[in-house]
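# model this:
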Amino acid sequence: MDEKLAEARTKLLKLSEAAEVDGEPLRWFEELYAGAGRNSDEIPWAKMEANPKMVEWIAERSEITGRALVVGCGLGDDAEWLSAAGFDVTAFDLSQSSIDWCHERFPHSSVNYCVGDLIEPTDEWLEAYDLVVEIHILQAIPDSIRDAAASNLPKLLNNHGYLLCIGRLLTERIPDEPSPPWPLARVWLNSRFRALKQLSFLSFVNEDTPTIDRYVAAWNRDTTAM
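Next up, the predicted model:
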């Protein structure tokens, strides 16, 4: 881990710990974005480009079109890629500062950027999307409220909708670093999305972090099986 990233993670951990103590476990997202001074180096997960695993998965499935929802959109790169690929995109984040940052980065974007909460999704999102994308969000939510967040994801899919999730995978190789993020077990993911039809589950590692196991997994709302 390079020095800048280590400093950013140290700041994140302090904010997260304080928020947890105060009973506001997700408060640190806004605090992190608001305190970054529009410097993306202060946001440990901001790569300033679309997630390559998402790009690969979508590019291989031309049959998936329509409305897409990006959960925890951060600085907007995944949402912008999906929009360029032809999707009608809504992208939300808990942090007003991150949404303002997206508007500044992409002033002419067709993406509907808005503040939102996966724990309490707005009614107009329910059963509304052909594609829901969740990348590195569930793993950043404390265990005490993660079940509630995950259980809302299937509710966002329309009758033929697809759910794509990417994150850290819990295996025997546990990274020697404090959380968040919290790696997620495959059995937990399957239990949260048992009402959906699993299409794929692939484990992988990134070249820059070879000691961290990750997953890309997809499910479909298969109404014929209900």
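
# helices and strands around the top helix by length along the chain, which ones?
Ranked by residue count and defined by DSSP state H, the top helix of the chain is helix 3-21. Judged by 3 or more C-beta pairs under 8 Å, 6 or more residues apart in numbering; DSSP states H and E, helix 3-21 is in contact with helix 27-34. Yep, even glycine has a C-beta here, placed from its N, CA and C like the rest.

# And for the helix it packs on, what's in contact with it?
With contact meaning C-beta atoms under 8 Å, 6 or more residues apart in numbering, helix 27-34 is reached by 11-12, 15-16, 18-19, 42-43, 93-98, 101, 140.

# Try it again at 6 Å.
For helix 27-34, contacts defined as C-beta atoms under 6 Å, 6 or more residues apart in numbering pick out 12, 15-16, 19, 94-95, 97-98.

# mind listing what's buried in the lowest-mean-pLDDT helix or strand in the chain?
One helix or strand of the chain scores below all others by mean pLDDT, DSSP states H and E: helix 3-21, with a mean of 80. Along helix 3-21, these residues count as buried under the neighbour rule (16 or more other C-beta atoms under 10 Å): 8, 11-12, 15-16, 19-20.

# what's the angle between that helix and helix 27-34?
Angle of helix 3-21 versus helix 27-34, following axes from the mean of the first three to the mean of the last three C-alpha atoms, to 10 degrees, is 140 degrees.

# what separates helix 3-21 from the chain centre, distance-wise?
19 Å (C-alpha atoms, centre = their mean, to the nearest Å).

# export it as CSV, just CAs?
Only the C-alpha atoms of helix 3-21 are listed here, as CSV (Å, rounded to 0.1, in the frame of the first residue of the first chain):
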residue,chain,number,x,y,z
GLU,A,3,1.9,6.2,1.4
LYS,A,4,-1.0,8.3,0.1
LEU,A,5,-3.4,5.4,0.2
ALA,A,6,-2.3,4.4,3.7
GLU,A,7,-2.9,8.0,4.9
ALA,A,8,-6.4,8.0,3.3
ARG,A,9,-7.3,4.7,4.9
THR,A,10,-6.1,5.9,8.3
LYS,A,11,-8.4,8.9,8.0
LEU,A,12,-11.3,6.7,6.9
LEU,A,13,-10.8,4.3,9.8
LYS,A,14,-10.8,7.1,12.4
LEU,A,15,-14.0,8.6,10.9
SER,A,16,-15.6,5.1,10.8
GLU,A,17,-14.8,4.3,14.4
ALA,A,18,-16.1,7.6,15.6
ALA,A,19,-19.3,7.3,13.7
GLU,A,20,-19.9,3.8,15.1
VAL,A,21,-19.3,5.0,18.6
